[in-house]
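Q: Quick one, fold the following:
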Amino acid sequence: MLASAPVRYAVLAPALLVGACSSAPSQPNIAWPYPSVAADPQRAGDPAKGYDYVVNGGYITCGIPKATYDTVFGSSGAAEQPTGRTGDNLRLPYYYSVATASEGIEVVSANCMSCHAGHINGKLVVGLGGADRDFTGNQAQQVDAALSLITDPTARAEYQRFAQRVDAIAPYTQTLTVGVNPADNLTAALMAHRDPTTLAWSATPMLDVPPAQVVPVDVPPWWGMAKKTAMFYDTAGRGDHARIMMAASLLCTDSVAEASAIDAAFVDVRAWIETMTAPAWPWSIDHALAAKGRDVFDASCAACHGTYGAGGTYPNELVPLADVGTDPLLAMGTSEFSQRFVGWFAASFWGETSQLDPQLGYIAPPLDGIWATAPYLHNGSVPTLAALLDSSQRPAAWTRSFSSTDYDQSAVGWQFTTAPSHATQQNSHVYDTAELGYSNAGHTFGDALSADDRAAVLEYLKTL
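A: Modelled structure (predicted):
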């Protein structure tokens, strides 16, 4: 699935041989240029239907019986909604939707926006990774506590089905800090409890479960998929992207027939995601400085991250671990990318049209809307772009503001304060880069630039 990068690298100007991504690998056994990830054919879909399914569809078909939810939380309208929400969904928080469970009971369940919507500058942005989510608590305790509120036998049985799944996966989805996401551990835990052929749920795991130590992930923005040929940071998601996108339904989908119905709708979801564009920087820009930054970026960063504007290109390059130097835990086969889960995927409904093919490296992502996607690196370990471009500015342990208006326009990212490490003081709001999987090392390419050039690149990145 990896193809050699185009011959264009052989004729690049000498300036490209200095600094950032364009410097030749220091390891003699690493091929240069980096391999490009080849594109796979995708099914066509209807973008309008896809958006409606994202914000209104009931694709996770277990949850809190709606009658119980209405009794506890009431049925008043939600204060914040994306455009296009309809019916009962207008009374729910944007990250919940009404779905119909297998017993015909209406339930309130999570939707894609639980992880794939975020806040910036006081606004909800669908498709922005939710970097303000809290997965540090035990989700099972909250779910189990609600069981006593349900008296109807059928509704109680349906809720117990939901609670059983949450109880099974909860030990493997608890992060050390607010803001990072356990999606890869979550998926692996769900695979461990399902028969790959029938998708039937097993109360006891059929595979060794993933490590309890969650591999932290920063949710990437959806609009990047318009340029990417593979999904996930390690380019593992190949083949039919639509089918991979509906993997969150593993929580509740108990048959191939149910999975097939959801898959048919996710063809439209993928088509809508392909139409997305990044939000524009909402504040002023020094355009003269940005123009200088573009020249520096094109000479020092574009070989990996692509070029922007009219005629822009994106190379879809996989950067080996030895070169990028960022935290290796995800790319080394932990969570859902270990071989036993890759094998489960291949033998399942998902493997009919798609495959997991993880690599020992990370994709250099497209940078459209990069200003909005703080914190940075695949594990969210760097709070600002200024610190990403100058590794000496990266805090070892830090706490960010979770107000969507506390944005640092100068450093391009979230306002933060340094904090004690977890060795000194346990605090779920502290991001401690000494923890396993949380390292902020690597991607030091910007260190080779002068302070003036880094400032110019930072200004240019606001324009993307």
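Q: Going along the chain, name the strands of the stretch 201-350 of the chain.
A: 237-239, 318-320 (DSSP state E, counting those that start in this stretch).
Q: Check which helices and strands the last one is in contact with.
A: Pointing back at strand 318-320 there. Secondary-structure packing of strand 318-320 (3 or more CB pairs under 8 Å, 6 or more residues apart in numbering; DSSP states H and E): strand 361-363. (Each C-beta comes from the backbone N, C-alpha and C, glycine too.)
Q: Give me the average confidence score over the strand it packs on.
A: The predicted model gives strand 361-363 an average pLDDT of 95.
Q: Can you show me the CA trace of the helix or strand following that strand as CSV?
A: Downstream of strand 361-363, the next assigned helix or strand under DSSP states H and E is helix 385-389. This file holds the C-alpha atoms of helix 385-389, laid out as CSV (Å, rounded to 0.1, in the frame of the first residue of the first chain):
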residue,chain,number,x,y,z
LEU,A,385,2.3,25.7,17.5
ALA,A,386,5.1,27.9,18.9
ALA,A,387,6.2,25.1,21.2
LEU,A,388,5.9,22.6,18.3
LEU,A,389,8.3,24.7,16.2
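Q: If you count contacts, what does helix 385-389 end up packed against?
A: Helix 385-389 packs on strand 413-414, helix 451-461, going by 3+ CB pairs under 8 Å, 6+ apart.
Q: repeat that for 6 Å
A: Packing contacts for helix 385-389, counted by 3 or more CB pairs under 6 Å, 6 or more residues apart in numbering; DSSP states H and E, involve no helix or strand.
Q: Show me the contact partners of the helix or strand following it.
A: Downstream of helix 385-389, the first helix or strand assigned by DSSP H and E is strand 397-400. Strand 397-400 is contacted from outside by 383, 414, 416-419, 421, 429-432, using CB atoms under 6 Å, 6 or more residues apart in numbering.
Q: Turn the strands of the stretch 201-350 of the chain into JSON lines, columns for distance to Thr204, mean neighbour count and mean pLDDT.
A: Putting the strands of the stretch 201-350 of the chain into JSON lines (distance: least, CB to CB, whole Å; neighbours: other CB atoms under 10 Å; pLDDT from 0 to 100) gives the following:
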{"stretch": "strand 237-239", "distance to Thr204": "28", "mean neighbour count": "22", "mean pLDDT": "96"}
{"stretch": "strand 318-320", "distance to Thr204": "37", "mean neighbour count": "22", "mean pLDDT": "95"}
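Q: Dump these to JSON lines, plus distance to Leu207.
A: Shown next, in JSON lines, are the strands of the stretch 201-350 of the chain (distance: least, CB to CB, whole Å):
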{"stretch": "strand 237-239", "distance to Leu207": "20"}
{"stretch": "strand 318-320", "distance to Leu207": "27"}
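Q: Quick one: closest of the ones you listed to Ala451.
A: Comparing those against Ala451 with CB to CB, the closest turns out to be strand 318-320 (24.9 Å).
Q: Not counting that closest one itself, show me its contacts.
A: 30, 34-35, 235, 359, 361-364.
Q: roughly how far is that strand from the heart of the chain?
A: 18 Å (CA atoms, centre = their mean, to the nearest Å).
Q: which residue sits closest to Gly224, ignoring its sequence neighbours?
A: Nearest non-adjacent residue to Gly224, counting by CB to CB, 6 or more residues apart in numbering: Pro366, 5.1 Å away.
Q: try Ile105
A: Nearest non-adjacent residue to Ile105 (CB to CB, 6+ apart): Glu158, at 5.0 Å.
Q: residues contacting the one you found?
A: 101, 103, 105.
Q: Next step: the residues you listed restricted to strands.
A: Among those, DSSP state E puts none in strands.
Q: which one in those is the model shakiest on?
A: Glu103 (77).
Q: And the closest residue to it other than its chain neighbours, which helix or strand is it part of?
A: Using CB to CB, 6+ apart and skipping residues adjacent in sequence, the residue nearest Glu103 is Glu158, 5.2 Å away. Using DSSP H and E, Glu158 maps to helix 153-169.
Q: Check which residues of stretch 188-198 are buried.
A: Across stretch 188-198, burial judged by 16 or more other CB atoms under 10 Å covers 188-194, 196.
Q: Could you check how far that stretch is from the centre of its chain?
A: 21 Å.
Q: Same question for stretch 122-139.
A: Stretch 122-139 has its C-alpha centroid displaced from the chain centroid by 11 Å (CA atoms, centre = their mean).
Q: That one: which residues count as buried?
A: For stretch 122-139, by 16+ other CB under 10 Å, it's 125-131, 133, 135-136, 139.
Q: TSV for these, including secondary structure, distance to Arg43 and pLDDT?
A: Below are the buried residues of stretch 122-139 laid out as TSV (DSSP: H, G, I helix; E, B strand; the rest coil; distance: CB to CB, whole Å; pLDDT from 0 to 100):
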residue	secondary structure	distance to Arg43	pLDDT
Val125	strand	27	96
Val126	strand	22	96
Gly127	coil	20	97
Leu128	coil	25	97
Gly129	coil	25	95
Gly130	coil	27	92
Ala131	coil	30	89
Arg133	coil	30	90
Phe135	coil	32	91
Thr136	coil	38	91
Gln139	helix	33	77
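Q: where does Tyr59 land in three-state SS?
A: coil (DSSP: H, G, I helix; E, B strand; the rest coil).
Q: I'd say it and Leu251 touch.
A: No. Distance between Tyr59 and Leu251: 10.1 Å, which falls outside the contact criterion (CB atoms under 6 Å).
Q: So Met191: helix, strand or coil?
A: helix.
Q: Is it correct that it is in contact with Phe345?
A: No. When contacts are counted by CB under 6 Å, Met191 is not listed as touching Phe345 (7.1 Å).
Q: rewinding a little: OK, contacts around the residue nearest to Gly224?
A: Shown in contact with Pro366 (CB under 6 Å, 6+ apart): 224, 227, 306, 314.
Q: any low-confidence regions in this structure?
A: Scanning the chain for pLDDT under 70 picks out the ranges 1-32.
Q: That one: helices as residue ranges?
A: 47-56, 66-73, 139-145, 153-169, 183-192, 241-245, 256-274, 287-300, 302-305, 321-324, 339-347, 385-389, 451-461 (DSSP state H).
Q: can you list those in CSV and add distance to Met113?
A: Listed next are the helices of the chain as CSV, based on distance: least, CB to CB, whole Å:
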stretch, distance to Met113
helix 47-56, 7
helix 66-73, 17
helix 139-145, 17
helix 153-169, 19
helix 183-192, 14
helix 241-245, 14
helix 256-274, 12
helix 287-300, 32
helix 302-305, 27
helix 321-324, 30
helix 339-347, 25
helix 385-389, 25
helix 451-461, 26
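Q: Number of residues surrounding the residue lying closest to Ala441 once chain neighbours are set aside?
A: Once flanking residues are discounted, Ala441 sits nearest to Gly325: 5.8 Å by CB to CB, 6+ apart. For Gly325, the count of nearby residues is 16 (other CB atoms under 10 Å).
Q: and Arg294, what is it in contact with?
A: Tyr460.
Q: Apologies, that question was intended for Met225.
A: Neighbours of Met225 in contact, by CB under 6 Å, 6+ apart: Ile273.
Q: thought Tyr308 was touching Leu464?
A: Yes. At 5.4 Å, Tyr308 counts as touching Leu464 under the criterion of CB under 6 Å.
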